[in-house]
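sequence first, predicted coordinates after that:
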Amino acid sequence: MLRVASTLPTLRPLLRGLPPLNHKPLLRSRLPPLPFRALSSSAPLAAPASGAAGAGEEVAVEEHLSRCAAAGRAPLRVAVLVSGGVDSSVALRLLHAAGHSCTAFYLKIWFQEDFRNFWSECPWDEDLKYAQAVCDKIDVPLEVVHLSDEYWNHVVSHIINEYRCGRTPNPDVLCNTRIKFGAFLEAIENMGFDYIASGHYAHVTHPSSENAEEPSVLQLSKDKVKDQTYFLSHLSQSQLRRLLFPLGCMTKDEVRKLAAQLDLPNQGRKDSQGICFLGKVKFSEFVERHIGEMEGVILEAESGDYLGKHRGFWFYTIGQRQGLRLPGGPWYVVEKDVQNNVVFVSRNYYSLDKRRRTFRVGSLNWFNNSGPADSEKLKCKVRHSPEFHDCTVSKDQTEGNGDVLVVHLSEDDQGLATGQFAAFYRENACLGSGIILDSWDEMSFPVCSRALEIARLEDKSSLGKPVRIMNLEHIVKSEQEAIKVT
């Protein structure tokens, strides 16, 4: 049985086009001082003596608590977002050990009503049970917040519209900006919490009390592979100032070891994968349910040959190779004709002369308001990955999109997708991000005139049957055999 499962009052909706937060500061708590809590698998104990066995490890943990869990500022009132996974559970235990007064919150955003036929049981039930078990160990209250309506209105509906327009949005960036640190932060605004914390792999440096007007800085986490600053890059400065990320000073391996050391009930759980609100539902099933299918043709970009049919251009993104169901591959999606519902593919997607390195970025968001200097050299990410691109940015302006950044990569990238986010970094600090508008240099993948002409045909039934695709391996093998015979 779940010990606590309550709902916050009705949330104030986010207004489209307005800042996601009411920027009044949270009330500072006036809690009595709490003793430092040592980490253990049982109830909190007093910190061990410096000469105790394993003291070296405890000292390292104390240093981590001071830097990323704000132990030196305890006691703070912290709202901790928990998911039932290992990361958020360790984050909660660290904040509790640092001496803060914590309340755990589970955000319920699943769409069980839409996909009840896909599930044998509630997809969030197991997550909530694990979250409750972790909270019970340290006697931290757990609240359940229902945000399905807010998620639909401010994330999912936007995603659906973007896919209908042929763009590829990022649900995780939108979820962080509009829900986890948007609608939820607004909901608890008057409850007296000093900070919101989560299990993200990122680090926020807040200004000292003497320099309170200085901006907070989003920095890369210690674990560069798990780093999630990309997903947090579109937050406002007002949101960033409210956040704590205790795992920013740890690697994933260290988090796993600490979960075992603390004997967390979910220490062996696998990391969640995929879009956060879908759970066990496949993305293609979600798209089919809310956008539907519309049969179209697949054309080879170089020749215009009719290769087969697809279910709708919105099921495909640039660079995708899965789901095409074409023999003789690998085939890659290289362009889409949204107006005519045509998908162009190629087997030469990774050719050096057909990659992209220049693109424009709009809807810019900078943590320090001013953003980078014109022609400044930075690093950027165009997807969630440990890999960075060296780049040079220059400022531009268009009538429809406001301020626009032109980005020149020092090396090619094949997978630039319109609608995705590009995040920019100066050394270890994330400056902010924007949405990729298009890739418009001369190195974009060329689609031949015959393919474009066929795509514009109103009656594509005249194309007849798809051409017979030769397997490249068979062609190469036949040529090699002919050489041997000669």
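Structure received.

measure residue 239 to residue 191 for me?
Distance, residue 239 to residue 191, by C-beta to C-beta, to the nearest Å: 17 Å. C-betas here are computed from N, CA, C, even on glycine.

between those two, who's got more neighbours?
Between residue 239 and residue 191, counted using other C-beta atoms under 10 Å, the more crowded position is residue 239 (23 against 12).

what sits closest to that one if chain neighbours are left out?
residue 181 (4.7 Å; C-beta to C-beta, 6 or more residues apart in numbering).

where does the one you found land in three-state SS?
Put simply, residue 181 is helix when judged by DSSP: H, G, I helix; E, B strand; the rest coil.

strands of the stretch 251-400 of the chain, residue ranges please.
All strands of the stretch 251-400 of the chain, identified by DSSP state E, counting those that start in this stretch, fall at 296-300, 306-310, 332-337, 342-346, 356-366, 376-381, 389-398.

ok, which of these comes nearest residue 77?
strand 356-366 (28.0 Å; C-beta to C-beta).

for the closest one, enumerate the helices and strands it packs against.
strand 402-413, strand 429-439 (3 or more C-beta pairs under 8 Å, 6 or more residues apart in numbering; DSSP states H and E).

pipe the strands of the stretch 251-400 of the chain into a markdown table and attach mean neighbour count and distance to residue 261 per row.
Below are the strands of the stretch 251-400 of the chain laid out as a markdown table (neighbours: other C-beta atoms under 10 Å; distance: least, C-beta to C-beta, whole Å):
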| stretch | mean neighbour count | distance to residue 261 |
| --- | --- | --- |
| strand 296-300 | 23 | 53 |
| strand 306-310 | 19 | 50 |
| strand 332-337 | 22 | 45 |
| strand 342-346 | 24 | 50 |
| strand 356-366 | 19 | 38 |
| strand 376-381 | 18 | 32 |
| strand 389-398 | 15 | 38 |
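
can you list those in JSON lines and add distance to residue 134?
Formatted as JSON lines, these follow (distance: least, C-beta to C-beta, whole Å):
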{"stretch": "strand 296-300", "distance to residue 134": "48"}
{"stretch": "strand 306-310", "distance to residue 134": "44"}
{"stretch": "strand 332-337", "distance to residue 134": "42"}
{"stretch": "strand 342-346", "distance to residue 134": "45"}
{"stretch": "strand 356-366", "distance to residue 134": "33"}
{"stretch": "strand 376-381", "distance to residue 134": "32"}
{"stretch": "strand 389-398", "distance to residue 134": "38"}
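
just send the ones you listed back as a markdown table, with mean pLDDT and distance to residue 129 too.
As requested, the strands of the stretch 251-400 of the chain are exported to a markdown table (pLDDT from 0 to 100; distance: least, C-beta to C-beta, whole Å):
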| stretch | mean pLDDT | distance to residue 129 |
| --- | --- | --- |
| strand 296-300 | 96 | 44 |
| strand 306-310 | 95 | 41 |
| strand 332-337 | 90 | 41 |
| strand 342-346 | 95 | 43 |
| strand 356-366 | 90 | 37 |
| strand 376-381 | 96 | 35 |
| strand 389-398 | 88 | 42 |
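
what's the closest of those strands to residue 211?
strand 356-366 (19.2 Å).

so what touches the closest one?
Under the contact criterion C-beta atoms under 8 Å, 6 or more residues apart in numbering, strand 356-366 has outside partners 233-236, 371-372, 396, 401-414, 416, 422, 431-441, 443-445.

show me how far that strand is from its chain's centre.
The chain centroid and the centroid of strand 356-366 are separated by 17 Å, computed with C-alpha atoms, centre = their mean, to the nearest Å.

and the angle for that strand with strand 429-439?
Angle, strand 356-366 to strand 429-439, by axes from the mean of the first three to the mean of the last three C-alpha atoms, to 10 degrees: 130 degrees.

angle of strand 356-366 against strand 402-413?
Using the same axes, to 10 degrees: strand 356-366 against strand 402-413 is 140 degrees.

just checking: what are the partner strands of strand 356-366?
strand 402-413 (antiparallel), strand 429-439 (antiparallel) (DSSP bridges).

thinking again about what came up before, so which of the strands of the stretch 251-400 of the chain is nearest residue 107?
strand 356-366 (22.5 Å).

can I get that closest one in PDB? Just the C-alpha atoms.
The C-alpha coordinates for strand 356-366 follow below in PDB (Å, rounded to 0.1, in the frame of the first residue of the first chain):
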ATOM      1  CA  ARG A 356      26.200  19.700 -43.500                       C
ATOM      2  CA  ARG A 357      28.100  22.200 -41.500                       C
ATOM      3  CA  THR A 358      26.100  25.400 -41.600                       C
ATOM      4  CA  PHE A 359      22.700  26.100 -40.100                       C
ATOM      5  CA  ARG A 360      20.600  28.700 -38.500                       C
ATOM      6  CA  VAL A 361      19.100  28.700 -34.900                       C
ATOM      7  CA  GLY A 362      16.100  30.700 -33.700                       C
ATOM      8  CA  SER A 363      14.100  31.000 -30.500                       C
ATOM      9  CA  LEU A 364      17.300  31.800 -28.700                       C
ATOM     10  CA  ASN A 365      17.600  31.500 -24.900                       C
ATOM     11  CA  TRP A 366      20.700  32.700 -23.000                       C
END
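
report the angle between it and strand 376-381.
Using the same axes, to 10 degrees: strand 356-366 against strand 376-381 is 100 degrees.
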